[in-house]
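[1] got a sequence here, can you model it:
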Amino acid sequence: MKHLLFLLFTATAFAQLSPSEIELMQQLGPGTPEPILLWPDKPPQFMKNAAPEVIKDNQTIQSVSVPTITPYLPPADKRTGMALVVCAGGGYGGHAWKTHVVYAAQVFNPMGVAVIGLKYRTRPPHILPNEGIQALTLLDAKRAMRLVRHRAAEWGLDAAKIGVAGYSAGANLAMNLAANFDLGDPQAKDLIDRLSSRPAFAVGLGTWHWRKPENPFVFKPNSPPVFLVHATTDKPVEIATNIIADLKKLGVPARLDLHEEGGHGVGNLIPTRVKHHFPGAQWPKVLVEWLGSLGKKP
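    Predicted coordinates:
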């Protein structure tokens, strides 16, 4: 009888989820939180008749046309109020969800920090040039920041401590948001759209811009503090050094943690790396300490 009730409950809980979302939750196992639509209706620039979303056996998500967030929250009694909206990498063609979102939650949640996985749109199914996919995903990132702020009290978060972090193409998106946020539309009918999309801080892990060394982002003096983790073997390393230099010219707090090992996956929080204190996997603690030091006099 209990087994039957469990099956009925599971079927009801999954009723509103897409087949790919159900598949991902089943692959990741018990305790996996459910995704939340960024927009209750169709997202802006919605693609009709898009190919269905796909989940690979390694928990990589492909063919995303409906963006969502998934909240991985620490126990209520341990929450510090801090949260990271995490943008997984995958060359704007997919999301390495387990490697970048789930593993980040496994490290940050015990620290009292929430991880909010952002499933932003990809190509395919969207057939867009580089600038086009950047513009489309920026809509998703802005909405994610607003939605997390809207749910902050419910989730035990501090709306002033919600940042963004991304890996590879996700880092490209995180930097794009740090450079192109807005403060919300006070006249918007949707209350969520009245909220700011400015992240409290931005983290780039193996920051990437189609292998180009120049900083493509036009930051502003009110851009958030930026923390980059990069490896000397992840070419071109100049994209990271140029971003930091440009931010410092504007007076924006910026830090680059450069490592000799790790390559393009230098910041991946793979459990064996975390267990064995791999240098590139120490950034969560360093980030929290650095953010705490900002504004303090020596």
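
[2] in the chain, which residue is closest to the centre?
    Val86 (1.8 Å; CA atoms, centre = their mean).

[3] quick one, phi psi at the residue lying closest to Gly163 once chain neighbours are set aside?
    In space, and not counting its chain neighbours, Gly163 is closest to Phe201: 3.9 Å by CB to CB, 6 or more residues apart in numbering. C-beta here means a position set from N, CA and C on the backbone, and glycine is covered the same way. Main-chain torsions, Phe201, degrees, to the nearest 10: phi -160, psi 160.

[4] from now on call the first residue 158
    I'll keep to 158 as the first residue from here, and by that count the last item is Phe358.

[5] what's the burial count for Phe358?
    When neighbours are defined as other CB atoms under 10 Å, Phe358 has 22 of them.

[6] was I right about it contacting Leu448?
    Yes. Using CB atoms under 8 Å, Phe358 is in contact with Leu448, at 5.9 Å.

[7] now for the two: what residues contact both?
    Listed as contacting both Phe358 and Leu448 by CB atoms under 8 Å, 6 or more residues apart in numbering are 382, 384.

[8] list the contacts of the closest residue to Leu194 other than its chain neighbours.
    The shortest distance from Leu194 to any non-neighbouring residue, by CB to CB, 6+ apart, is to Thr225 (5.7 Å). Neighbouring residues of Thr225 by CB under 8 Å, 6+ apart: 178, 192-195, 275-276.

[9] mind running it again at 10 Å?
    174-175, 178, 191-196, 200, 274-277, 297, 301, 304 (CB atoms under 10 Å, 6 or more residues apart in numbering).

[10] buried subset of those residues?
    178, 192, 195-196, 200, 274-277, 297, 301, 304 (16 or more other CB atoms under 10 Å).

[11] now render these as a markdown table, adding secondary structure.
    Below are the buried ones among the contacts of Thr225 laid out as a markdown table (DSSP: H, G, I helix; E, B strand; the rest coil):
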| residue | secondary structure |
| --- | --- |
| Glu178 | helix |
| Pro192 | coil |
| Leu195 | coil |
| Trp196 | coil |
| Pro200 | coil |
| Gly274 | strand |
| Leu275 | strand |
| Lys276 | strand |
| Tyr277 | coil |
| Asp297 | helix |
| Ala301 | helix |
| Leu304 | helix |
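
[12] and the residue nearest to the centre of the chain, that's in a helix?
    No. Using three-state DSSP, the secondary structure at Val243 is strand, not a helix.

[13] quick one: low-confidence ranges for the stretch 158-307 of the chain?
    Residue ranges of the stretch 158-307 of the chain with pLDDT under 70: 158-172.

[14] the strands in it, which residues?
    For the stretch 158-307 of the chain, the strands defined by DSSP state E, counting those that start in this stretch occupy 193-194, 211-212, 217-219, 225-229, 240-244, 251-253, 271-276.

[15] beta partners for Val360?
    Ala322, Phe384 (DSSP bridges).

[16] please list all residues in contact with it.
    241, 243-244, 320-324, 327-328, 331-332, 335, 382-386, 412, 424, 440-441, 444, 448.

[17] before we move on, what about Pro228?
    190-193, 240, 242, 262, 271-274, 305, 308, 311-312, 314.

[18] picking that back up, rebuild the strands of the stretch 158-307 of the chain as CSV, extending it with distance to Pro393.
    Putting the strands of the stretch 158-307 of the chain into CSV (distance: least, CB to CB, whole Å) gives the following:
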stretch, distance to Pro393
strand 193-194, 37
strand 211-212, 31
strand 217-219, 25
strand 225-229, 32
strand 240-244, 21
strand 251-253, 22
strand 271-276, 26
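
[19] Phe374 is nearest to which of these?
    Closest approach to Phe374 among those (CB to CB): strand 240-244, 14.5 Å.

[20] contact partners for Arg236?
    Arg236 touches 230, 266, 269-271, 312-315, counting by CB under 10 Å, 6+ apart.

[21] of all the residues you listed, which comes closest to Ala402?
    Closest to Ala402, out of all of these and judged by CB to CB, is Val270, at 28.6 Å.

[22] leaving out chain neighbours, which residue sits closest to the closest one?
    Val270's closest residue in space is Met239 (CB to CB, 6+ apart), at 4.7 Å.
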